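[1] Pasting the sequence and the predicted model now:
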Amino acid sequence: MAYKFVDNYRERGARKKLVELLRSRGIEDENVLAAIGKVPRHFFFDETFWNQAYKDIAFPIGDGQTISQPYTVAYQSELLHIKKGDKVLEIGTGSGYQTCILMELGATVFTIERQENIYNRTIQVLPGMGYRPTFYCGDGSKGIAAHAPYDKIIVTAGAPMVPEILLKQLKIGGILVIPVGDEKTQKMVTVIRVSETDYDKIVLDTFRFVPLVGDQAW
Ligand code: SAM
């Protein structure tokens, strides 16, 4: 399916301003900022709401879910320190916007979404934009053992705790980024696997995500 939307000077200009806004809010990784500057976020919106696409806000995508706020996407992406060729597991595909950013950073992405409606929409939209991650529909709170171990794992929904099973699917030296807290607010947590048995955990800023629902979650 050829993608029907166009990316003209107005959207490109708005994207540049968004990049500068994120820079002013503390995002420093130039590769992440370049990726945000490249991915047309308005393609994830109904045309009626294009004027909302380059504001630094989360926005409803239907089925009770949201496309994440650009700052949040940039923040999580920065924490992952993606290197070209990294194998990344993304839990919570949603609109697929974060997926595109990861791919612009050079990652090979395996992405899983539990809601079938959202999954069915996103598997059409991303290839139409030229992004071809490996898509799964199901409960990502258990990870995807078939493709483990991963260099990086990103969870884009709020979890009650760090699922042990995800830690086991990290390579040594690998990084997991996951929001952890209650159903209202979460702290961003990064976990680095330093050896077969040891992990370093860092607790960072407060965010507000939709809940991670599943076997190892809510
Ligand atoms: N980063 C995405 C974007 O920019 O569109 C936003 C993701 S949205 C905040 C979180 C997504 O996680 C929702 O689509 C939700 O259905 C999904 N989700 C929640 N629990 C899940 C689970 N156990 N496995 C896979 N996806 C899950």
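    It's in. Numbers count the residues shown, from 1 in each chain.

[2] do the longest strand seen in the chain and the ligand meet at all?
    Longest strand in the chain, counting residues (DSSP state E): strand 170-181. No: using Cβ under 6 Å from any ligand atom, strand 170-181 stays clear of the ligand, with a minimum separation of 9.4 Å. (Glycine included, C-beta is placed from N, CA and C.)

[3] Next: stretch 60-75.
    Yes: using Cβ under 6 Å from any ligand atom, stretch 60-75 comes into contact with the ligand via 65, 66, 67, 68, 73.

[4] In contact with the last one, which residues?
    In other words, residue 73. Neighbour list for residue 73: 36, 97, 98, 101 [criterion: Cβ atoms under 8 Å, 6 or more residues apart in numbering].

[5] Run through the helices of the chain in chain order.
    Taking DSSP state H as the test, the helices found in the chain are 9-24, 30-38, 70-80, 97-104, 116-129, 164-168.

[6] Reformat these into CSV and put mean pLDDT and distance to residue 157 next to each item.
    Compiled in CSV, the helices of the chain are given as follows (pLDDT from 0 to 100; distance: least, Cβ to Cβ, whole Å):
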stretch, mean pLDDT, distance to residue 157
helix 9-24, 97, 22
helix 30-38, 98, 21
helix 70-80, 98, 12
helix 97-104, 98, 11
helix 116-129, 96, 12
helix 164-168, 98, 13
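
[7] For residue 145, find the nearest of the ones you listed.
    Nearest to residue 145, of all those, is helix 164-168, at 8.2 Å by Cβ to Cβ.

[8] Only alpha carbons, please: show that closest one as CSV.
    The C-alpha trace of helix 164-168 is given here as CSV (Å, rounded to 0.1, in the frame of the first residue of the first chain):
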residue,chain,number,x,y,z
GLU,A,164,12.9,-11.2,35.8
ILE,A,165,12.3,-13.0,32.5
LEU,A,166,13.3,-9.9,30.6
LEU,A,167,16.6,-9.6,32.4
LYS,A,168,17.4,-13.2,31.4
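
[9] any idea how far the spatially most central residue of the chain is from the ligand?
    The chain has residue 98 as the residue nearest its centroid, 3.6 Å off, counting by Cα atoms, centre = their mean. Distance of residue 98 to the ligand, computed by Cβ to the nearest ligand atom, to the nearest Å: 4 Å.

[10] which one is that residue nearest to, not counting chain neighbours?
    The spatial neighbour of residue 98 that comes closest, neighbours along the chain excluded (Cβ to Cβ, 6 or more residues apart in numbering), is residue 73 at 5.1 Å.

[11] Quick check: residue 36 touching residue 16?
    No: counting by Cβ atoms under 8 Å, residue 36 does not reach residue 16; the two are 9.9 Å apart.

[12] These two - which one has more neighbours?
    Neighbours per residue (other Cβ atoms under 10 Å) separate residue 36 from residue 16, with residue 36 holding more: 26 against 13.

[13] got the contact list for the more buried one?
    Here residue 36 is in contact with 15, 18, 19, 22, 70, 73, 74, 101 (Cβ under 8 Å, 6+ apart).

[14] and what of residue 40?
    5, 7, 11, 15, 129.

[15] Quick one: neighbours of the fourth one, just the number.
    As a burial measure, residue 15 scores 21 neighbours (other Cβ under 10 Å).

[16] again, but for the second one
    Look at residue 7: counted by other Cβ under 10 Å, it has 14 neighbours.

[17] For the chain, which residues are neighbours of the ligand?
    65-68, 73, 91-92, 94-95, 97-98, 112-115, 118, 139-141, 156-157, 209-210, 212-214, 217.
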